[in-house]
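In: requesting a structural model of the entry that follows:
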Amino acid sequence: MMKSGSIFLIAISLLMYLSGCQSCRDERYPRPRGYFRIDLPQKKYILFDSACPFRFEYPVYSRIVPDVHPIAEPFWINIEFPLFRGNLHLSYKPVRNNLAGYLEDTHEMAMKHIPKARAIRTENIAFNESRVFGTEYHILGKGVASPFQFFITDSTDHFIRGALYFNVRPNNDSLEPVIRFIKEDIRHILRTWQWKPKSR
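Out: The predicted model follows:
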């Protein structure tokens, strides 16, 4: 026959076990950091044709505004993506025996991201029929300020440098779906790009 002291110890042990199990069920574990779901719009394009010495098709979910920065030059524009808080800056330069300098400046601007970049991959652009030639810079890395840059030229009269930025703290791992989405739009812009004849 069990003594009352033994029964008391068993009862206390059972009570501690049950209360311990209850606290296990209520314990909260930290969840991994989540990000907002990004709804990507259906792709559709319209023609941009203005006083600028070029024309192209751009996405209907973006808007084109003049660059009002104090150092902006004629025909500098921004293609804004309000849904994603992104901007594609386009800087136009007329070519007057100074193409080599523009190419060097563009390369240097891309290479400035090296300290934060995991890698910088380049890809050639060549649309012979429309005389659109250049290079894409895919700048990989979580904290780089501009994940995609490029230049295009007809090699005789016109030059454009493009750079994609987001008005958010850089975290390109979480922005990757948006970056891929906008890269497709930029490639459409480049495929449909046409230089206008230069006035002599």
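In: Val68 - that's part of a strand, no?
Out: No: according to DSSP: H, G, I helix; E, B strand; the rest coil, Val68 belongs to no strand; its state is coil.
In: per-residue confidence at it?
Out: pLDDT for Val68: 93.
In: ok, now Val144?
Out: pLDDT at Val144 comes out at 89.
In: neighbours of Asp67, how many?
Out: By the criterion of other C-beta atoms under 10 Å, Asp67 has 17 neighbours. All C-beta spots, glycine's among them, are computed from the backbone N, C-alpha and C.
In: okay, and for this protein, where does confidence drop off?
Out: Applying pLDDT under 70 to the chain picks out residues 1-38, 170, 172, 199-200.
In: can you show me the strands along it?
Out: Taking DSSP state E as the test, the strands found in the chain are 45-49, 54-59, 63-66, 77-81, 86-94, 119-127, 132-140, 148-153, 158-166, 194-195.
In: so of the ones you listed, which one's packed in deepest?
Out: Most buried of the strands of the chain, by mean neighbour count (mean count of other C-beta atoms under 10 Å): strand 148-153, with a mean of 24.
In: each with direction, which strands does that strand pair with?
Out: As defined by DSSP bridges, the strand partners of strand 148-153 come to strand 132-140 (antiparallel), strand 158-166 (antiparallel).
In: most centrally placed residue in this protein?
Out: Ile179 (3.8 Å; C-alpha atoms, centre = their mean).
In: what's the distance between that residue and Val95?
Out: 30 Å (C-beta to C-beta, to the nearest Å).
In: just Leu88 next, same as before
Out: 21 Å.
In: ok, now Asp173?
Out: 38 Å.
In: so which of the two has more stuff around it?
Out: Val95 (15 against 10).
In: show the contacting residues for the more buried one.
Out: 102, 153-159 (C-beta atoms under 8 Å, 6 or more residues apart in numbering).
In: what pairs with Ile64 across the strands?
Out: Beta-bridge pairing of Ile64 under DSSP bridges involves Ile79.
In: wait, it sits on Asn78?
Out: Yes: using C-beta atoms under 8 Å, Ile64 is in contact with Asn78, at 7.3 Å.
In: where do the contact lists of those two overlap?
Out: Common neighbours of Ile64 and Asn78 (C-beta under 8 Å, 6+ apart) do not exist.
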